[in-house]
Every structure is written in C-alpha cells, then in structure tokens.
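Asks: With the sequence up front, the predicted model follows.
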Amino acid sequence: MSMAATSHEMAAAPVPRAASLAAQVGAAERRHLWRMLALLAPSVLFTAFFFVVPLALFMFRSVDNPEVSGYLPQTAAVMQAWSGKGEPDEAAFAALAADLRAIRDTPALGLIGRRLNYALPGFRGLLTKTARRLPAADDGATKAAFLAIDEKWRDPAIWGVLHQQSGRLTSFYLLTALDLEKSPEGEIRRVAPEQRIFIDLYGRTLTVSLGVTALCLLIGYPVAAVMSRAGPRAASWMLMLVLVPFWTSLLVRSTAWVILLQNEGLVNKSLIALGLIDQPLALIFNRAGVFIAMVHVLLPYAILPIYSVMKGISGNHLRAAASLGAPPLRVFRTVYLPLTLPGLAAGGTLVFVLSVGFYVTPALVGGPGDQMIGYFIAYFTNSAVNWGLASALGALLLLVVAAIYLALGKLVGFDRLRVR
Amino acid sequence: MKTSKAILAIGLAFAGLAVQPATAQSLTVSNQGGQPGEVQRKTVFEPFTAETGIKINIDTFNQELARIRTQVETGNLVWDAISLNPINEAAGCEEGLLEKIDWSKYVDAKAFDAVGACGAPYLASPGTLVYDSDKLSGDAAPKSWADFWNVAKFPGKRALMYQPDQTVEIALMADGVAPSDVVKVLTGPGGLDRAFRKLAEIKPHVKWWKSGDESMQLLLTGEVSMGYGWLGRVNAANASNNRKLRIVWDAGYTNALIYFGVMKGSPRKDAAVRLIAYQLSAPAQARYMEQLGNPPANSDANALLSEARRAALPDPKARNGMMQAGPTYINFWLDNGDAIRQRFATFVAQ
C-alpha cells in the first residue's frame, strides 16, 4: 500500500496530467470492483444465509446444552457448586424437588427427561415417576422422600450425570460420537463394547469412500482418454452417454440396481442361463452391491474433470516424446500421466467428498454391515430427534474430510484439487 | 435456541410451499401413504367430506418425530392430524407435541384396547410369521417361531426387520416365551440379553429389511424362505400379485395399535377431532378394515365385517398376540429405545 502510494506521488509530481489519468484509472478500477462485488453479492449473501449460518448454528448444537440449566435451574446451580464426590446433600434434593414441581404436568418434563435419558437410559422414567409421586411441599426430608420413591436416587451415576450435564456447554455429544463417555467420577473412558458403533462407522465410511474413489478413477480414466481423442461427433455421443445417468435421479438408479442384481434379477438369471454359475451370486445387500451402485452413481464426477484436462493436452507433446524414441508406455508414464494428474486429483477429490456423505444408496443396496455414517446422522436427526448427537457426528465428519483435503493439498498442491 | 428456531421457520416456510394450505373448511392429515393410505382415503376421508363438507388434504409421514417437533416448535403447522405408532404417540404426548384429548367424550372407550392421553387407535397392525405356500407346504411349512429359528430342518434365509422393537419380542417368542408374557420377560432383568442371545443364533441366516415393501419383495422373489411381515402388507402382496403368502397365527405375533393424534396448537382442532371420531365409528371402521384386511381398533366393528374377512383375522380368543401397549411396555422403549437401537445396529453389523 505504502509502496503504491509512493510511486503514485513520484509519478504525480513531474507530470500533472498523469495524476488525473491515474485518478481516472483508479476510479474506473474502483467502479469495476464495485460492479464485480454487486454481481457477486447475491451468491455470497445466499451462501452466507443459507449455508454458512445454518451450518454454524447446527455445529454449535454439538456442544450446546440448554436443557438442564433451562428446565432445572435450581438443580443446575447446586450441581455447578457441588464437588461431584460422595452423595449429594439435602439441598440438592430440595432444589431438584422445587424444579420438578415447577415443570410437573408440562412438556418440559418430557423434554428434560429425553435429554438426560441420552446420557443414562432410564433417567426419563425415573424423573417422570418421581415428579408424579413427589409430595406437594417440602418438610425438610426431601432426600428421604426421593429414596422412598425410588432407591435409584442413591446411585452415584444419576448424580454424576446431573453434575456433568448442568453446565451451559457440554462435551457429551462429541464424546458419544467417538464412542467415549465420562464416568460418574469424571474420567473419560470407552463405552461398553455392545454400544461401540461410531468409530467403526467412520472407518467403514472412509474405507468405502476410498474404494469407490479408486474404482471411479480406474474406470473413468480410460473412458475420458478415449473421449478426448475421439472425433467431435463420437465425442459428443459419448459425453451424452456419460451425462444421461448423471441427470437421472439417484433414487431411480439405486433402485434399478436392486432389480438387476437381486437373486432372481437379470444379471444372475443371465449368468445361470449361460451356464457360468449354478447358484445365484450374492451381488446385492452386501458390500459388492454398495460398490457397484456407488461407482455407477459417481462415475460421471470422475470422468468429467479428467476429460476436461485431457481435452487441453496437445497431441504434439506426445508426438514429440514418441519422435524422441520413447515407447508408448514411457510416453504415457512420463508425459501423459503427469499432465492429466490435475484432472485425476480434482475428480478423485470430488468423488471422495461426495461418497463420504452417501446414505441413500448404501441403505438401498447394502446390508446392515454396509451402512455409512450419513445413515446414522439422518437417523438421529429425523427419528431419534437427538440433534446434538447428529451435529456432533456431522462436525466430526466435516473435520475428517477437511483433514484429508488438507493432507492431499499439501501432497499434490491445492491448485490441482480445483475442479475446472 | 431462538436463532435456530428462526432457521427452522425459514426452512419450513419453503417446505410448506409444496403443501396446500388448509383453509377453514379443510384439514391436512398425514398418514403412512402407499396402498393402505389410499384405502383410508376412499373408505374414510371421502365419505367424511361428503357428510361434512370438510375437505381433506393428505401428506405422508413415516414416523420421523422430528417433522412434528419442527412444526410445533416454530408454530408453522403444516398438518392438523397425524398417524402415529404407539411409542411416538406416547413420546409426542409427553413432550407437548400433540393435543391432549379425552377420547371417552367422543367414542365408547370400552370398545378400544388402549386409548392414549393424546391419540386414539384406529387400526391394529399385527406383525407375523409369513411364508410362501407355493414354495413350502405340508411338513416343509413352518408352524412356530422355533421352526423359524431351526435352519437345519427349514433351510434358506429368513427376513427380519432391521429395527429392534418387534424383533426382540419375536426372539423371545422363539425362545419359548408365551406371547402374553413377552412384555414381562422383556422388561424384567436379563430379558433383553436373552433376546439378543437368541437373535445371535439366527443372525447369519437373516436378511434384514428396512421397509414393508422390502419385506414382501424378499418373499415374493424367493430371496428368503420365510419372514416377519405386517398383515396389511401380506394382504396387499397377495391381492396385487395373485400370490399365496400365508400367515402362521399360531406361532404368535406382535400387535401394534396405530393412533391418530392432533398436532399441538392446530387451529382446526375441532374439525380434526370430528374426523378422528368419525374414523373410529363402527361403520367407518368396518368399511375401512373390510378393504384393508386389518383388525379394527373398535371391537364393535367386528360384527359388521363380512364372514370371509373375519375368518382371515387372528382369533382374539386365542390370545396369541403380544400387544405393544401398556405403560410398562411403552416406558421400557421410551427409556431404553435409543440404547437398544444402538446395541442392535452394532450387533447386526458385526
């Protein structure tokens, strides 16, 4: 900035007319800039309003914890001050009794019950039962009254949950998304073996996505190569063939695979009729089905970027290499492949990022061992209505994908990952 | 909370554009859709409109509680009345998503098995052991859930639902628990572990289905030799494909009441209650169930059914049905449902 200003003054001093010219150019550039900004504004505002803001709000839900402090304010205050060790005193029971009386017979009781039940199954029932049977007024023996309603109120796990979940923010959902939990004493530990699910799901999601990406690139590369060297008529026909499935609904394509690949489907029937197999092959409702359907759905996303890069490679490079005596394989390895690498990187990134979020296709053509993390994010969002956990799972997925993108960017250079 | 509500409101406003707004003389109801929804429109909604002049717009709802919650929390109601399974009826009622209604003012409560604090049951949906009698007959046909588990004597894959509620109940029946004792055993100590142990025996031979359509597809294409399926789906599959799927009522079955409830804050609550009460009346129930083939929720409607239809229903005196109702059962699933579903997903994937 200061450099520009100095050179501007130096230029301005000897020739006054140049100054007005520079000012005119500057003004024109500013006008141009404003025009560009005005043109960009709708898309920027749209993205901010409909993408960035909702995304940030939803991510915040993974640590947001309004329920306990909102519905059980007195208990939350007592629990915040409590050490979390031993049995809580009469004051804690009295605070909880006062809170429960205030929300008895209102939906708030159901909502706080649902929230605490996430942390400890059975908490909802205990709370409902206690609120229903609680005496109308305190007589200084609230603790005894609670224990008379249910002995579970002696359980340190119950009070551990209340103590840990009484803050305005919570690590509960993020820990759950990593198959971790806090013990009543506050130590972080793994959850019981039969409840461990999410780490496996992340592993499966990444394995399937990487497999699909590799297959898409392997199948897409030769297709793109042939397309880029075909005559204009043939190339446009081939492009059409790539694009038709691209424009077809994902649901239709996935269901079509179910019909083709099932035991009595076209593929198995033909193979049996040809005498190649006696028993139908298991092609669907397993990992094979997921790969077949996902590769089919995502193939255009790999072919198109590779094709556009290949289109720009001049045949002269290859002819030059050949005229210098390189055999075809060498031409491919040292000239063609490095030149097409940006297309491969762009197509691969696109396919990988899209497949990480897949859930409709694996749900339709996969078995129970093939469901990806997206299926559970949808489940916790729509059916279980556990939005905190859904957003924690989503946030972690975003983090994993961002980490992979950064690692890949460092490896091959960010400019190559861009889709042209 | 407030800002996210605003976001939801915007989202819903866009979603709402797709659905016709309900006017004073119309109601928007949401049911399970498909062929059963079509029968409901013809036998209940259209006669109701003819009688009262109140038009009915129909939308579909697949028991995603979030869709009710977002509408109620933002005050942007798209629906007036909705079809609910027993667990969602109880959860929605407890969390203030549904209007509390004293149904005994509108119907004879004695004729119903379990009227909810918010919703009223309008049909019973039994989940049963079903097989294709064109493929299995005589000794090759299963007679009990124990046979279903016996892969040595009855080879082939089996179809079960990819969802623990109803499936753990079936596993207990296969382990020798009488249908009437299933709730007691399941909610008692060790009941759930027992069910999972039993499921582990058959897991390698199971194809898990995720939708009612899929459950029938697996049977019709011969992908499985027998399966767990809902009565309504079996009837529809037999009627539209001219097939002979057969239900083994004697094996024991689950039986869920399906409810209709009114969305909290619906400005057309009175009309919605009127529709639901109409739907529960014995003549409407009989018309509806005669075509659908499910047991009516209103027991007075049994007498109005045709002889053939009554013969195809489970014998209520046989007491082979395990009712998915009652506070013990509902509270068990409300308290433990999330944890069990997580355990189930892990179990099935391993």
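Replies: That came through fine.
Asks: Residue 99 - how many residues pack around it?
Replies: I'll assume chain A. The local packing of residue A:99 (other C-beta atoms under 10 Å in any protein chain shown) involves 22 other residues. C-betas here are computed from N, CA, C, even on glycine.
Asks: my bad, chain B
Replies: With other C-beta under 10 Å as criterion, residue B:99 counts 19.
Asks: do the longest helix along chain B and chain A meet?
Replies: Assignment by DSSP state H gives helix B:327-349 as the longest helix of chain B. Yes. Applying C-beta under 8 Å from any C-beta of the partner chain, one finds helix B:327-349 touching chain A at B:331, B:334-336, B:338-339, B:341-343, B:345-349.
Asks: could you dump those to CSV with neighbour count?
Replies: Output for the residues of helix B:327-349 next to chain A, formatted as CSV (neighbours: other C-beta atoms under 10 Å in any protein chain shown):
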residue, neighbour count
B:331, 17
B:334, 23
B:335, 21
B:336, 19
B:338, 18
B:339, 18
B:341, 18
B:342, 21
B:343, 21
B:345, 22
B:346, 19
B:347, 17
B:348, 20
B:349, 15
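Asks: any idea which of the residues you listed is least confident?
Replies: Least confident by pLDDT among these: that is residue B:349, with 85.
Asks: if I look at it, how far off is residue A:365?
Replies: 16 Å (C-beta to C-beta, to the nearest Å).
Asks: May I have stretch A:22-31 as PDB, with CA atoms only?
Replies: The C-alpha coordinates for stretch A:22-31 follow below in PDB (Å, rounded to 0.1, in the frame of the first residue of the first chain):
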ATOM      1  CA  ALA A  22      -4.100   7.700 -12.700                       C
ATOM      2  CA  ALA A  23      -7.000   9.000 -10.700                       C
ATOM      3  CA  GLN A  24      -9.300   8.200 -13.600                       C
ATOM      4  CA  VAL A  25      -7.800   4.700 -13.900                       C
ATOM      5  CA  GLY A  26      -8.200   4.300 -10.100                       C
ATOM      6  CA  ALA A  27     -11.800   5.400 -10.300                       C
ATOM      7  CA  ALA A  28     -12.500   3.100 -13.200                       C
ATOM      8  CA  GLU A  29     -11.000   0.200 -11.300                       C
ATOM      9  CA  ARG A  30     -13.000   1.000  -8.200                       C
ATOM     10  CA  ARG A  31     -16.200   1.200 -10.300                       C
END
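Asks: Buried residues, the host helix or strand of residue A:124. List them.
Replies: Residue A:124 is located in helix A:123-133, with elements delineated by DSSP states H and E. The neighbour-count check on helix A:123-133 (16 or more other C-beta atoms under 10 Å in any protein chain shown) flags A:123-128, A:130-131 as buried.
Asks: Packing partners of the helix or strand that it is followed by?
Replies: Using DSSP H and E, the helix or strand that follows helix A:123-133 in sequence is helix A:142-149. Counting contacts by 3 or more C-beta pairs under 8 Å, 6 or more residues apart in numbering or on different chains; DSSP states H and E, helix A:142-149 packs against helix A:90-103, helix A:123-133.
Asks: Quick one: neighbours of the residue of chain B found nearest chain A, just the number.
Replies: Here the residue of chain B nearest chain A is residue B:96; by C-beta to the nearest C-beta that distance is 2.5 Å. Using other C-beta under 10 Å, residue B:96 is surrounded by 20 other residues.
Asks: Can you give me every residue that contacts it?
Replies: Under the criterion of C-beta atoms under 8 Å, 6 or more residues apart in numbering or on different chains, the contact list for residue B:96 reads A:106-107, A:110-111, B:72, B:264.
Asks: one more time with 6 Å
Replies: A:107, B:264 (C-beta atoms under 6 Å, 6 or more residues apart in numbering or on different chains).
Asks: Shouldn't it be within a helix?
Replies: No. Counting by DSSP: H, G, I helix; E, B strand; the rest coil, residue B:96 falls outside a helix, being coil.
Asks: Quick one, grab the pLDDT at it.
Replies: Looking at residue B:96, its pLDDT reads 94.
Asks: Beta-bridge partners for residue B:206, please?
Replies: Beta-bridge partners recorded for residue B:206 (DSSP bridges): residue B:158.
Asks: That one touches residue B:160, doesn't it?
Replies: Yes. Residue B:206 is within contact range of residue B:160, at 5.1 Å (criterion: C-beta atoms under 6 Å).
Asks: which one of the two has more residues nearby?
Replies: Set residue B:206 next to residue B:160 and count neighbours by other C-beta under 10 Å: residue B:160 wins out with 24 against 21.
Asks: how many neighbours does residue A:196 have?
Replies: Residue A:196, neighbours per other C-beta under 10 Å, totals 16.
Asks: would you list every one of the helices in the stretch 1-150 of chain A?
Replies: Along the stretch 1-150 of chain A, the stretches classed as helices by DSSP state H, counting those that start in this stretch are A:2-12, A:16-47, A:53-60, A:66-71, A:73-81, A:90-103, A:107-119, A:123-133, A:142-149.
Asks: and the angle for the longest one with helix A:53-60?
Replies: Using axes from the mean of the first three to the mean of the last three C-alpha atoms, to 10 degrees, the direction of helix A:16-47 lies 60 degrees away from that of helix A:53-60.
Asks: Can you tell me which helices and strands helix A:16-47 packs against?
Replies: Packed against helix A:16-47, as judged by 3 or more C-beta pairs under 6 Å, 6 or more residues apart in numbering or on different chains; DSSP states H and E, are no other helices or strands.
Asks: Identify the residue spatially nearest to the residue of chain A found nearest chain B, adjacent ones excluded.
Replies: Nearest residue of chain A to chain B (C-beta to the nearest C-beta) works out as residue A:107 at 2.5 Å. Closest residue to residue A:107 apart from its sequence neighbours, by C-beta to C-beta, 6 or more residues apart in numbering or on different chains: residue B:96 at 2.5 Å.
Asks: if I look at that neighbour, how far off is residue B:73?
Replies: Applying C-beta to C-beta, the value for residue B:96 to residue B:73 is 10 Å.
Asks: Please tell me I have it right and the residue of chain A closest to chain B contacts residue B:97.
Replies: No. With contact defined as C-beta under 6 Å, residue A:107 does not reach residue B:97; the gap is 7.7 Å.
Asks: If we ignore the residues flanking it in sequence, what's nearest residue A:119?
Replies: If the residues on either side of it in the chain are set aside, residue A:119 comes closest to residue A:161, at 4.6 Å by C-beta to C-beta, 6+ apart.
Asks: The helix or strand harbouring that neighbour to helix A:107-119, inter-axis angle?
Replies: Secondary structure assigned from DSSP H and E places residue A:161 in helix A:156-164. Interaxial angle, helix A:156-164 versus helix A:107-119 (the same axes, to 10 degrees): 110 degrees.
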